[in-house]
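Participant: Return atomic coordinates for the entry below.
(one chain, ligands or ions: 1)
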Amino acid sequence: MTPVQAQILPTSPPSGIVPEKVRDGIDLQINGEHYRHTGDPQMPLLWYLRDILRLTGTKYAGEHGENGADLVLVDGKAVSAIGQPVTTLAGSQVTTVEGLAANDGTLHPVQQAFIDEDAIGCGYCTPGWLIAAVDLLRRKSKPGDDDIDQLPNLCRCGCQTRVRRAIKRVAAGKAGQP
Ligand code: FES
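Facilitator: This is a model prediction of the structure:
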């Protein structure tokens, strides 16, 4: 750079323009939205959802996701959100219970069937059941009681029988029908 060039370069950006660094981070797709996480890459997805995004439908389900209330869909498969560090999720599509309904608010058939069968008590376990049911119905179009009972979800309000009916209602194509 010649002395003349050095003299004409501004010493600071024009007023009103603030340069912004592109920070390294983990690109996440959650319920169709793009997020960049720039914090601890080992943060469990559960805490990212609840504490950062305020998507609180996904619940704490024990240190190892024992009761299934923390299930989310990752590329269509139900996984424990507490067992997934966000660093493992770059490039994956994450769907939480908040993302099950259509954009126009129409409930997912599984959500509708849980209402139809009154399969909701206190509601703590319900998001996990909904996610597990979506995954189960993807894998098996006509699940039986054994298939449903093998899901990791627990309901302390005693809704298991009604949950079975709700899942079978979806399988029969009768969600939302009398
Ligand atoms: S509805 Fe209360 S724990 Fe299942």
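Participant: phi, psi of the most centrally placed residue in the chain?
Facilitator: Most central in the chain under CA atoms, centre = their mean is Thr96, positioned 2.2 Å from the mean C-alpha point. The phi/psi pair for Thr96 (degrees, to the nearest 10) reads phi -100, psi 180.
Participant: That one and Lys142, how far apart?
Facilitator: Thr96 sits 26 Å away from Lys142 when distances are taken as CB to CB, to the nearest Å. In this view, the C-beta of every residue, glycine as well, is placed from N, C-alpha and C.
Participant: Report pLDDT for Lys140.
Facilitator: pLDDT recorded at Lys140 is 97.
Participant: wait, isn't it in contact with Ile148?
Facilitator: No. Counting by CB atoms under 8 Å, Lys140 stays clear of Ile148, with 9.9 Å between them.
Participant: Tell me how far Leu130 lies from the ligand.
Facilitator: The gap separating Leu130 from the ligand is 12 Å, by CB to the nearest ligand atom, to the nearest Å.
Participant: Would you enumerate the residues in contact with that residue?
Facilitator: Shown in contact with Leu130 (CB atoms under 8 Å, 6 or more residues apart in numbering): 97, 100, 108, 110-111, 114.
Participant: Go through those and flag which are in helices.
Facilitator: 110-111, 114 (DSSP state H).
Participant: which of those residues has the most neighbours?
Facilitator: Phe114 (27 neighbours; other CB atoms under 10 Å).
Participant: what number of residues lie near the nearest residue to it once chain neighbours are set aside?
Facilitator: What sits nearest to Phe114 in space, not counting adjacent residues and going by CB to CB, 6 or more residues apart in numbering, is Ala166, at 4.8 Å. By other CB under 10 Å, the residues close to Ala166 number 28.
Participant: got a list of what Ala166 touches?
Facilitator: Residues counted as contacts of Ala166 (CB under 8 Å, 6+ apart) are 110, 113-114, 116-117, 119, 133.
Participant: Mind putting the residues you listed into TSV with pLDDT and distance to the ligand?
Facilitator: As requested, those are exported to TSV (pLDDT from 0 to 100; distance: CB to the nearest ligand atom, whole Å):
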residue	pLDDT	distance to the ligand
Val110	98	15
Ala113	98	15
Phe114	98	10
Asp116	98	16
Glu117	98	12
Ala119	97	8
Ala133	98	13
